[in-house]
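Novice: Take a look and give me a structure for this.
(2 chains)
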Amino acid sequence: MTELNNSELIRLSAAQLAAKLAAREVTSVEVTQAYLDRIALVDGGADGIHAFLHVNAEEALAVAAEVDAIRAAGGAEAEALHELAGVPIAVKDLIVTIGQPTTAGSKILEGWHSPYDATVIKRLRAAKMPILGKTNLDEFAMGSSTEHSAYGPTRNPWDLDRIPGGSGGGSAAAVAAFEAPLALGTDTGGSIRQPGAVTGTVGMKPTYGAVSRYGAIAMASSLDQIGPVSRTVLDSALLQEVIGGHDPFDSTSLTDPFDTLVAAAKTGNVTGMKIGIIKELHGEGYQAGVENRFNESLELLKEAGAEIVEVSCPNFKYALGAYYLIMPSEVSSNLAKFDGVRYGLRVLPEDGPMTIERVMAATRAAGFGDEVKRRIILGTYALSAGYYDAYYGSAQKVRTLIQRDFDAAFAQADVLISPTAPTTAFKLGEKLDDPLAMYLNDVATIPANMAGIPGLSLPGGLADEDGLPVGIQLLAPAREDARLYRVGAVLESLLEEKWGGPLLDRAPVLGSSSTIAGGSN
Amino acid sequence: MSTDAILSFEEAMEKYDPVLGFEVHVELNTKTKMFSSAPNVFGDEPNTNVNEVDLGMPGVLPVVNKTAVESSIKIGLALNCKIAEYCRFARKNYFYPDTPKNFQTSQYDEPIAYDGYLDIELSDGTVFRVEIERAHMEEDAGKLTHMGGATGRIQGADYSLVDYNRSGVPLVEIVTKPIEGAGSRAPELAKAYVAAVREIVKNLGVSDAKMERGNVRCDANVSLRPHGRERFGIRSETKNVNSLRAVEHAVRYEIQRHAAVLDSGEPVIQETRHWHEDTRTTTSGRAKSDADDYRYFPEPDLVPVLASREWVEELRATLPEPPAARRKRLQADWGYSDLEFRDVVNAGVMDSVEETIAAGASASVARKWWMGEIVGRAKTADVDPSELGVTPETIVELNKLVEGGKINNKMASQVLDGVLAGEGTPAEIVEKRGLAVVSDDGPLLEAIDAALAAQPDVAEKIRSGKLQAIGAIVGGVMKATRGQADAGRVKELILERLGVEG
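Specialist: Residues are numbered from 1 along each chain as shown, chains lettered A, B, ... in the order given. Presented below is the predicted three-dimensional model:
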């Protein structure tokens, strides 16, 4: 039926796939099987990408077959199908799913099956999008490299010796390696955007509350947000429209409808728009190749009719410090439920009395990795009587100051712009023993979480010195997600015009023995 | 179990001035739980009224139950509190298996209701004002049952079972300011205060208010200070005192115990105490210091609760008649004297009397039964009259049997004993025990003739018009019929037999 071979099929964007499915030029089973074959080819083995913790082949093909049957039958039911029906998707393993394990990248949940679906999963099911499987992540989404996954790291498709970013390295790598056209991520301090930057993919952190968090295993409740991972800006907009909108099960989810996101991505325009460079989020501490690509994007936007202005957010220098008080404080409480009493791992103490306290302690000691323990200890300390005001209290004040900085900045600019991450992908193991160096990866992404505003990262080209992807981050005021898609789509098309095609076309070919053996430079 | 030394209450009062404080937890009777859509139902199979939220499954989020907020505001208003326009929940962090998330979602420093008072009427009519510090919303924990071991406590148990049905049930905790100046009436005030709170929440319809089911639970704080000293003494907190009588006894006991400790020159230990109904004593629980660190912080999964003034006023308009006003109205409706009504109230049977009247009895009949029959039995059984097990329907049925001449009052009392012994309905017991009034005049006449023959001098007196002498003959007949005769009918028959006009 299809004129495309599988390797061409998997390189189509979600929007292109949707069009071909609707035109019945290809079936969802063909598409889904092509992706499952791709996963089988590149994901496993010692030098595999290892983006997936679980592959959900049977159910994905069943959903695909159902969509195909509905389309073949035609009529009202076929017409009522969602635009993305039959387009497969991968899901970060922090989001709970019936019928598949959910581990959060942790030993403490090994083998656990959720009795309920996250709201976003319900919406994917309602749209009849086949779920390919669950993607790797830093344990409980704590990290910037996926090296903190209890199930081993994910590799960057651009260089298998390098990290794919984190915590959502699995979702980003899966999309970058053409193992999925779309994926879901979660972003607490940059976990969607930073992996997007270092893998040459698009990652969107919506406005806090734009997408229900119900069923996303909480890391830091006031910062967490589920969002799309894709290869194009339009694809992220399409996916956000599927998963977004009010959810009565999440009282922090927004009730007002947004502007149409897909329309914004399709009618990109920056003429007369003011785009603000954040003085504090580039320059010193940023890799030269990152700066170069950032400046190139600014030039392109200027040529397209945007006005580039500079804004200052003086309190951003406190953002990382405040984030590493608020986030661990919430972590220390959110992760208390993992105690071996009701579900997941239960470890009995080797000797001594079998009291509930000792069973809980043994379970948590064995079940959590070092980074998780580090943050639980930090947060427990920050919330303790006598320290609360100095740590948690002060951090909340910084949060207010960051929000004010954004308010002032958005009074001068419609959209803010910065590099997404200060560097390109670093080597596996390079920063594993230096938590502070690891934390600095999120310096540009954290402010958006602290203020609850939306942030979009899109590919900005390759750094001259290492040939690795650089991410450009766009920020808009809360609820102005559409504005990001509008500007992002323009910048994307300008850059692709310059490159002569998508950036991922320049990524090494995977799945041939030479690439796997060759590894990195 | 160690026994603490105590002073007599009188001596304790001579030397010391008690200061009280109460934390009363009220379980709301909302259809669903505080933060989930699971049913809020008491007494079902363990772990059936739970969903993923109540079990603290990964990924779940709480959503505030609007009805629970409304109920809390109503309680606040009934306690004359101010209602916060903006308030938040917090997390109280501690590891314990009855708390599935290992934190309790509770209001902390931003209660929905604060700065109120409640006027408490004591048995002699004195009104004592108790200041309310706050009423805040929280969720209940699951229920642990410790198996094995002698004490039923976790220490020494072989294992523990947990039922999460109660986990997430909405609670309102009502906290008083320190209550000073009650003096020797402190135990009475304690009971009256908890009774008043229970009455209010029941009257509002926001709680089933059954103390025996734990719908209303009281923690009683007691401290003593020498007369004339302003600074409070060190307090103990007696947990889960779950009947009105127990509240009174626990406060009284703690006053006596504190007094003995202070007399010995030792400091009172700040701790929780467990109440034992069987011995009417308390034992040491866990040391409680202000340094307990629950690492409270605002609950980030919940948006703040906003109570607009319009909403509060709408709710205020729906409040039922306050209990004090209700008492005035009931007294007038029932036509009881002040003394009669106060006796009914103090005996704790006002609601029962009201229910009995609603079931069809007259006001005087209802009072006669509750005050004349049931209160005394409750005292003997050492329970609250309402907990004795007498339903309004039983009383109405008994009264019908009496008024219909089927049984007399004396038999009715025996039938009531039978009902309480579980022998069946009044009609069944009359049948089973063969208690019907003898209405066939034949056997009665025989007994009358025998009685008249046995006391010819009395018979003569009656014939000569001294009708008051008839009692002796009636007594003889009743004795002969073992009380089963209708005394009125006996009297008629005697006069008839003797040819005397009654």
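Novice: Return the set of buried residues in stretch B:143-160.
Specialist: B:144, B:146, B:157, B:160 (16 or more other CB atoms under 10 Å in any protein chain shown). Where C-beta positions appear, they are placed from N, C-alpha and C, glycine not excepted.
Novice: Now do residue A:181: how many residues are near it, please.
Specialist: 31 (other CB atoms under 10 Å in any protein chain shown).
Novice: Kindly confirm my reading that residue A:44 is in a strand.
Specialist: No: judged by DSSP: H, G, I helix; E, B strand; the rest coil, residue A:44 forms no part of a strand; its state is coil.
Novice: Give me the phi and psi angles of it.
Specialist: When read as degrees, to the nearest 10, the backbone of residue A:44 gives phi -90, psi -180.
Novice: For it, give me its contacts.
Specialist: residue A:50 (CB atoms under 8 Å, 6 or more residues apart in numbering or on different chains).
Novice: Kindly report the same for residue B:21.
Specialist: By CB under 8 Å, 6+ apart, the neighbours of residue B:21 are B:175, B:176, B:177, B:178, B:179, B:220, B:221, B:235.
Novice: Am I right that it is in a helix?
Specialist: No: read with three-state DSSP, residue B:21 is strand and lies in no helix.
Novice: Tell me the spacing between it and residue B:220.
Specialist: In this view, residue B:21 and residue B:220 are 8 Å apart by CB to CB, to the nearest Å.
Novice: With residue B:46 instead?
Specialist: Taking CB to CB as the criterion, residue B:46 is separated from residue B:220 by 29 Å.
Novice: cool, residue A:299 as well?
Specialist: 75 Å.
Novice: likewise residue A:179?
Specialist: The spacing between residue A:179 and residue B:220, counted by CB to CB, is 64 Å.
Novice: Same question for residue B:257.
Specialist: Going from residue B:257 to residue B:220 by CB to CB gives 13 Å.
Novice: Those two: who's more crowded?
Specialist: Neighbours per residue, other CB under 10 Å: of residue B:257 and residue B:220, the larger number sits with residue B:220, 29 against 22.
Novice: so which strand or helix has the nearest residue to the more buried one once chain neighbours are set aside?
Specialist: Closest residue in space to residue B:220, ignoring its immediate chain neighbours: residue B:238 at 4.8 Å, by CB to CB, 6 or more residues apart in numbering or on different chains. Under the criterion of DSSP states H and E, residue B:238 resides in strand B:236-241.
Novice: Identify all contacting residues around that strand.
Specialist: B:23, B:217-223, B:247, B:250-251, B:254, B:258, B:268-275, B:282, B:285, B:288.
Novice: Quick check: nearest residue in space to residue B:3, chain neighbours excluded?
Specialist: residue B:281 (7.0 Å).
Novice: for that neighbour, phi and psi?
Specialist: As for residue B:281, its main-chain torsions (degrees, to the nearest 10) stand at phi -130, psi 170.
Novice: distance of it from residue B:249?
Specialist: Plainly put, residue B:281 is 9 Å away from residue B:249 if you go by CB to CB.
Novice: repeat for residue A:389
Specialist: Applying CB to CB to residue A:389 and residue B:249 gives a distance of 43 Å.
Novice: neighbour-wise, which of the two wins?
Specialist: Using other CB under 10 Å, the more surrounded residue of residue A:389 and residue B:249 is residue B:249, with 20 against 10.
Novice: wouldn't the more buried one be in contact with residue B:187 here?
Specialist: Yes: between residue B:249 and residue B:187 there is a contact at 7.3 Å, judged by CB atoms under 8 Å.
Novice: where does residue B:59 land in three-state SS?
Specialist: Following three-state DSSP, we place residue B:59 in the coil state.
Novice: Hmm, it is touching residue A:96, no?
Specialist: Yes: between residue B:59 and residue A:96 there is a contact under CB under 8 Å: 4.6 Å.
Novice: what's the burial count for residue A:498?
Specialist: Residue A:498: 11 surrounding residues under other CB under 10 Å.
Novice: That one is in contact with residue A:300, isn't it?
Specialist: Yes: assessed by CB under 8 Å, residue A:498 is found in contact with residue A:300 at 7.3 Å.
Novice: The stretch 201-350 of chain B: strands as residue ranges?
Specialist: Along the stretch 201-350 of chain B, the stretches classed as strands by DSSP state E, counting those that start in this stretch are B:216-226, B:236-241, B:271-276, B:281-287, B:297-298, B:305-306.
Novice: Tell me if the helix or strand hosting residue B:172 is near chain A.
Specialist: Taking DSSP H and E as the criterion, residue B:172 maps to strand B:170-176. No: counting by CB under 8 Å from any CB of the partner chain, chain A is not contacted by strand B:170-176; separation bottoms out at 15.5 Å.
Novice: hmm, back to that, and the contacts of strand B:236-241, which are buried?
Specialist: Applying 16+ other CB under 10 Å to these, the neighbour count classes B:23, B:217-223, B:247, B:250-251, B:254, B:258, B:268, B:271-275, B:282, B:285, B:288 as buried.
Novice: hang on, residue B:225 packs against residue B:255?
Specialist: No: Residue B:225 is not in contact with residue B:255 according to CB under 8 Å; the separation is 11.7 Å.
Novice: Can you work out which residues contact both of these two?
Specialist: Counting by CB under 8 Å, 6+ apart, the contacts common to residue B:225 and residue B:255 are residue B:16.
Novice: Tell me which of the two has more neighbours.
Specialist: Per other CB under 10 Å, whichever of residue B:225 and residue B:255 has more neighbours is residue B:255, with 25 against 18.
Novice: how far away is that one from residue B:5?
Specialist: For residue B:255, the distance to residue B:5 equals 13 Å [CB to CB].
Novice: for residue A:143, same thing?
Specialist: Separation of residue A:143 from residue B:5 (CB to CB): 60 Å.
Novice: Using the three-state scheme, assign residue 49.
Specialist: The chain I'm using is chain A. Secondary structure for residue A:49, judged by three-state DSSP, is coil.
Novice: okay, now it: neighbour count?
Specialist: Counted with other CB under 10 Å, the neighbours of residue A:49 add up to 27.
Novice: before we move on, what about the one 3 residues further on?
Specialist: Each residue near residue A:52 was counted by other CB under 10 Å, and the total is 25.
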